[in-house]
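Engineer: what follows is a predicted structure for the sequence shown.
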Amino acid sequence: MNEFQEQKINLTWREPKRSYDVVIVGGGGHGLAAAYYLATRHGITNVAVLERNYIGSGNSGRNTTIIRANYGIPESVKFYQRSVDLYQSLEAETDRWIMHKQKGLINIAHNEAGLRTERARAAVNVAFGSKTDFITSAEVKKLCPQIDLSGGGEYPVLGASYHHSGSTARHDRVVWAYAEGAMRRGVDVHQRISVTGMLKEGHKVTGVQTTAGPISAKVVMSAVGGQVTQLADMAGVRLPIRSHPLQAFVTNHYSLSFEPILASPALLFYVSQTARGEMLMGAEIDRQPSYSYGTGHHLLQTTSYRAITLLPFLRDLRILRQWTGVCDMSPDYSPIMGFTGVEGFVITSGWGTWGFKGIPASGEQMAELIATGKIPELIAPFALDRFARDRTMADRGSAGTH
Amino acid sequence: MPELKSLPFTRIVATPMALDATIWPAEALAFRAANDEVLLLASSLPTIADPHAIILPDSGFVGVWLSAEALQAIFEQHCEWALPATRPVFVQGAVAGIAAKLWLEAERGLLIVPAAYGHDFAERTGLA
Amino acid sequence: MPVAFEAGDSVLVTLQRAGLHPNHGGCLCAAGDCPHCLATVNGVAYVRTCQTLAQPGMIVESFPTDDYPHLPPNTQRGPTVSARNLHCDVVVIGMGEAGQAAAAAATAAGKSVITLDDKAGQEVVGIYPELMVVARTDTGMLHIHAHDEVVVATGAAEIQPVAPGNHLRGIVTPRAATHLAAKGVALGRVVVVESGGAVNLSTSPALNIVAHRKGQVLQFEGLDTLKAVVIQDDNGLSQRIECDTAVVGLGFTPRDLLVRMAAGLKVRAVGDAAREADLPPCPNAGMVCSCSSVSAADLQRVWDQGFHEMELVKRATLAGTGPCQGVVCVPHMRSFLATRTAAADPSAMPDITRLSKVQAPFTARPVVRQLTLGEVAAGAHHHATPRTGLDAEHRRLGAVMDRIGGWWRPWHYGNPLAEYWAVREAVSIGDVSTLGKMIVSGPDTLAFLERLYPTKVSSIAAGRSRYVLILDERGYVMDDGLICKDSDTRYTLTFTSGGSSHAEMWLRDWAEGWNMDVRILNQTMSLGAINVTGPLATQLLQRAGLTQPYKFMQHGHASIANVPCRVYRLSFTGEVSYELHHPVDQSAKLWRTLMTLGADLGIRPHGLQTLLQLRLEKGHVIVGQDTDFDSTPRRIGMEWALRMDKVDFLGKPAIERTNKTVLDKQLVGFEMSAPATFEGANIMYEGEYVGYVTSSTHSPLLGKVVMLGWLKLVNGALPSEVMIDGRLARRVDVPFYDKEGGRARA
């Protein structure tokens, strides 16, 4: 048996009821975390999570598992730092191994503009409680001995920001830890049930129409990734979201010897070694919006080429598998959380390429919003109406790739 | 290896209708780069039936004449799209990751890229 | 240890003939399907030795017993792998009977056909959108573009046995037995077991078959190497038979990964690749997935934990996530789940009642056959960075080059301070060829520009230029530049270097959307541009042939150093400046002549670093550095650039709306004592974060640090004193230098 097999989680499946206090659409990390925090923090357990496929089958099971808070604006740093903190305590809280590992994240600058961005990142991170240093190329070499500082003569390493709390965790195990924790406290999780419409009284949402019949609810929360605009449309909410495919790939397994998470915003790729020894690489989103999970060759080709530029040893590693997720991008590249203007319908969306790292804080804050009916301070800046109010979360430096 | 050289184009932007109706000089090479744009290699300028046409000399492109065999070798290595079978023909697309234009005659062809990419293009294709 | 081989032998055959196993054990298929012959070959780990021809001097290493292979050392750049692009109507993958028939049929129908076969050394890696087949060969990659269709005739893989001891050496599939025997590998005493799959080894007369049974293998016995098999026949009777080799037939599973990964593409399976998969008996004990060390007991455990779907079982056990991509384990996992699902009580396990009894294999993804990053990168390039007509000139002058705004540009020439003083006190030239340069012509030009820009375009006289902000439809600042009027129906527009790549698309989109009768020509890469700046700039240009004086913000045509130029009098540096736009092939000639003519005036070229410093002293905003996604003209203090009394312009409704909201922050100027802080430094007020510095420099002339930065309003007002870098900084009005602008207009 390999040591990474799941041995403790117990999932309990029940028949759907016709009515719940809260129905959460989307059985990924965000939906299940919200259910978990509703149950554990607020004692609200008459909750159903509806998943049209299997739990964690969307972006929760397709991401590159990076946890970080090194954003460029205060509101985001604070929010993601909350997630970093919750992730750090999640194993102790749930008594489940999510394979959380602090690795440190190096964001490399290859030109003057990159240096400016990374210095600014470090400054705002520190101001809001997230530990990030600006480091020299010599320090980069110490943290990542495999790096070619000349960047193949093409993309020299001029400096970097180093985000100490940059971590990874096993995505599936995060999903299961939240699912099990919620199920154990009475939350129903239903797989293979699709939402086909909203039950409404006037403009108010009173439940969902599903492939397993109507289910009424006092509050419906969308925690859907991908086709979220279509779901919101059923509730009468227009979302400023475009969905773009994002691809990633892994190599075979190799002995553990690549410590950090290394990212190059200019070369548009990042890499880390998983606990099982795969080198895991991701890249930029596909510019062409699409819901497709299809994989392309061009990304694999160019990302490999770029990765070898900085890490020549990767040249002889064999690629195992590539896959695709779908990223919901908002106009300001920040998530959308909170009320929607339609009574009975709340949302957590626009998770772009940052969905995994936002799971715990999004779940916790949305649970508080549902339980109290009030917008928690931490997510108030991320409200949907910010676009109409001219309060976008402008974060030019963090419109990155992971 | 032949070198990329600046091409003495005249660049013409006019209504598609005016370009369609233009009679190009017999010896001219007129490349229809877009509905509203022609890149012209000619010693004299024809009349363009559009009073608002923009007609300017343009040294922003470099190019090289290559034999059919040399072109074939470059395309096999650097071009993901298929060349049309007809000759002569003008086509455009990425070659070695750079936006290129190509005029293909029976025995040879003219490969064209923006001068700003000439250095990278030459390095990638060996046309240094 | 050196081993002998014959031409045409695979590495696997070579090793087996020498009595060696390439890995540590497990059933061999000798057909490229399973992971049991993987080894490190010439430093590359995870090579299927059965698919690799033996070569003299080849180094083959088994994986470590207690770890994965080590990451290779960071060697020097190796030989790059080349990629060949081929085009055809039909690609046929696999040249067995079905493949040959498909190829013959396509050829007969007049199609051009390319065939690929792993036995000929062409391993297909994946089929990608637009019908591109990627194959690796030992001499490089093939990227084959099929016009009509791809036919997958890859046949079927043999199902491997799952029983205790199936990790031992000495277990082979029927095909492997035939192949190895034919190659002269001694298999010793052979036991044949038909477990639902017929086994016919009559073509291998060399085999010493000691037993041939129908039934199930209960146990493979041995320590490292097989010593005996325990077989249970169909009547339930067990028998132990000593042997050296066990050949087990369990039927076939189609090699259809290529078809399944290409859903929606014109890809068709023929022959055995299109057959139904056989379902082996439900595994009760033994290794199911040797890639990830998942046993039958592990499947049972996660089933009991509530993982009932193929994908969830895969994710919980990691079965199927290794090098063979599930070829070996999937048949057994399907059998296991079908058996458990059929036996489950639906009311107790409602999640599985919504699934059919035999679940589909999990999603197929590239890559099917493995290849290295170096191989997959074949034919790739970095994003090409354009160079100006002066690129070679800068490098010759020893400039430090940097990628800025998407171009290679000189950052400085070794002495930025001297460059600075040359501009402020003498004359300097700078390469601004990267500016976006567009011509718009046509009857609707004025109407078009009036709708596009927030300034009153009709009030610009012919031969004059005006600075403009460029807004998007949300009223945010997207770029800035100049509008230069050539005639009533023709204007030249400039954009920043960073904005130039987007400018043409932006213009064309709106022209088309508004149905404007205009012609648009992008001259960004056709014209070079040199900025001649400094108090002696006019003097230098007179030497170079400028006869007619230009007023500030005036433009016209002139021959400078015998180069036809479009001359724009303007200023970004704060000093008298002329931009000379000229044919890009004459940039070097113009540059060198100016350098020669200006030698006694103290001329020096200046790089971007100095330019950024000069413009900061003037308080000029760099869009993209000082602005962010949400920068309205109000926030950057440039409402003077808007004519809100115009009927309409792009972004006007949004600005009217956002102007009604409470102002929250502004881009403002700061001063403090030396040294300069870094760009991005936090701005603090009474211990609270109130913004950050976007531009910062020490002004040699003013003897202090000047900055631009975002500042939040506190209680409705902008703080006038803040802390930057732990030091007191004062908010001041910009420009910092030559507030009246007299120097630029001189």
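Structural biologist: Structure received.

Engineer: any idea how far residue B:41 lies from chain A?
Structural biologist: 33 Å (Cβ to the nearest Cβ, to the nearest Å). Every residue, glycine included, has its C-beta placed from N, CA and C.

Engineer: how about that residue, what does it touch?
Structural biologist: B:7-10, B:28-31 (Cβ atoms under 8 Å, 6 or more residues apart in numbering or on different chains).

Engineer: do me a favour and average the pLDDT over stretch C:579-586.
Structural biologist: Stretch C:579-586 comes out with an average pLDDT of 98.

Engineer: what does that stretch rub up against?
Structural biologist: Contacts for stretch C:579-586 (Cβ under 8 Å, 6+ apart): B:6, B:57-60, B:115-116, C:388-389, C:432-433, C:435, C:437, C:525-532, C:560, C:563-568, C:570, C:590.

Engineer: from the residues you listed, which are also near chain A?
Structural biologist: Among the contacts of stretch C:579-586, not one lies near chain A by Cβ under 8 Å from any Cβ of the partner chain.

Engineer: buried subset of the residues you listed?
Structural biologist: When the contacts of stretch C:579-586 are checked for burial by 16 or more other Cβ atoms under 10 Å in any protein chain shown, the buried set is B:6, B:58-60, B:115-116, C:388-389, C:432-433, C:435, C:437, C:525-532, C:560, C:563, C:565-568, C:570, C:590.

Engineer: how about the helices in chain B?
Structural biologist: B:16-21, B:68-78, B:118-125 (DSSP state H).

Engineer: pick the most buried one from those helices.
Structural biologist: Greatest average neighbour count among the helices of chain B goes to helix B:118-125 (a mean of 21), per mean count of other Cβ atoms under 10 Å in any protein chain shown.

Engineer: domain-wise, how is chain A divided?
Structural biologist: Domains of chain A are assigned by automatic domain parsing as A:19-63+A:171-241+A:332-398, A:100-165+A:243-327.

Engineer: show me what from the stretch 1-150 of chain A comes close to chain C.
Structural biologist: So far as Cβ under 8 Å from any Cβ goes, the stretch 1-150 of chain A lies against chain C at A:1-2, A:4-16, A:54-57, A:61, A:74, A:110-113, A:116-117, A:119-124, A:127-128, A:146, A:148.

Engineer: let's see it at 6 Å
Structural biologist: A:1-2, A:4-6, A:9-11, A:13, A:15, A:54, A:74, A:111-112, A:116, A:119-120, A:123, A:127, A:146 (Cβ under 6 Å from any Cβ of the partner chain).

Engineer: now, of those, which are buried?
Structural biologist: A:2, A:4-6, A:9, A:11, A:13, A:54, A:74, A:111-112, A:116, A:119-120, A:123, A:127, A:146.

Engineer: picking up where we left off before, let's see which of the contacts of residue B:41 end up in strands.
Structural biologist: B:9-10, B:29-31 (DSSP state E).

Engineer: nearest to chain A among those residues?
Structural biologist: residue B:31 (27.4 Å; Cβ to the nearest Cβ).

Engineer: what sits against that closest one?
Structural biologist: Shown in contact with residue B:31 (Cβ atoms under 6 Å, 6 or more residues apart in numbering or on different chains): B:39, B:90.

Engineer: ditto for residue C:255
Structural biologist: Neighbouring residues of residue C:255 by Cβ under 6 Å, 6+ apart: C:154-157, C:273.

Engineer: report the two of these separated the most.
Structural biologist: Comparing every pair within these by Cβ to Cβ identifies C:157 and C:273 as the most remote, at 9.8 Å.

Engineer: quick one, what contacts the residue in the stretch 251-400 of chain C that chain B sits nearest to?
Structural biologist: Chain B sits closest to residue C:386 of the stretch 251-400 of chain C, with a gap of 3.5 Å, by Cβ to the nearest Cβ. Listed by Cβ under 6 Å, 6+ apart, the contact set of residue C:386 reads B:116-117, C:407.

Engineer: secondary structure class for residue C:738?
Structural biologist: Under DSSP: H, G, I helix; E, B strand; the rest coil, the three-state class of residue C:738 is coil.

Engineer: retrieve the pLDDT associated with the residue nearest to it when sequence neighbours are not counted.
Structural biologist: Nearest non-adjacent residue to residue C:738, counting by Cβ to Cβ, 6 or more residues apart in numbering or on different chains: residue C:574, 5.5 Å away. Per-residue pLDDT puts residue C:574 at 96.

Engineer: what's the closest non-adjacent residue to residue 115?
Structural biologist: Just going to use chain A. residue A:109 (4.4 Å).

Engineer: chain C, not that one
Structural biologist: residue C:92 (4.7 Å).

Engineer: thinking again about what came up before, from the residues of the stretch 1-150 of chain A next to chain C, which land in helices?
Structural biologist: A:74, A:112, A:116, A:119-120, A:123, A:127.

Engineer: the residue of chain B most remote from its centre and residue C:460: what is the separation?
Structural biologist: In chain B, counting by Cα atoms, centre = their mean, residue B:51 sits farthest out from the average C-alpha position, at 25.1 Å. Counting by Cβ to Cβ, to the nearest Å, the gap from residue B:51 to residue C:460 is 22 Å.

Engineer: pick out the residue of the stretch 301-402 of chain A closest to chain B.
Structural biologist: The minimum distance from the stretch 301-402 of chain A to chain B, using Cβ to the nearest Cβ, falls at residue A:302 (8.8 Å).

Engineer: now do the same contact list for the closest residue to chain A within the stretch 301-450 of chain C.
Structural biologist: Nearest residue of the stretch 301-450 of chain C to chain A, counting by Cβ to the nearest Cβ: residue C:306, 3.0 Å away. Going by Cβ under 6 Å, 6+ apart, residue C:306 touches A:10-11.

Engineer: helix/strand/coil for it?
Structural biologist: coil.

Engineer: could you do residue A:305 as well?
Structural biologist: With three-state DSSP as the basis, residue A:305 sits in helix.

Engineer: low-confidence ranges in the stretch 251-400 of chain A?
Structural biologist: Along the stretch 251-400 of chain A, segments meeting pLDDT under 70 span A:396-400.

Engineer: quick one, strands of it?
Structural biologist: Secondary structure of the stretch 251-400 of chain A, counting by DSSP state E, counting those that start in this stretch: strands at A:261-264, A:269-273, A:278-285, A:319-329, A:336-339, A:345-349.

Engineer: any idea which of the ones you listed gets closest to chain C?
Structural biologist: That would be strand A:319-329 among those, by Cβ to the nearest Cβ, at 5.2 Å.

Engineer: quick one: name the residues of chain B near chain C.
Structural biologist: B:6, B:13, B:52, B:54, B:58-60, B:76, B:80, B:82, B:97-98, B:114-117, B:119-120, B:124.

Engineer: let's see 7 Å
Structural biologist: B:6, B:11, B:13-14, B:36, B:52-54, B:58-60, B:76-77, B:79-80, B:82, B:96-98, B:114-117, B:119-120, B:124 (Cβ under 7 Å from any Cβ of the partner chain).

Engineer: which single residue in chain A comes nearest to chain C?
Structural biologist: residue A:120 (2.4 Å).
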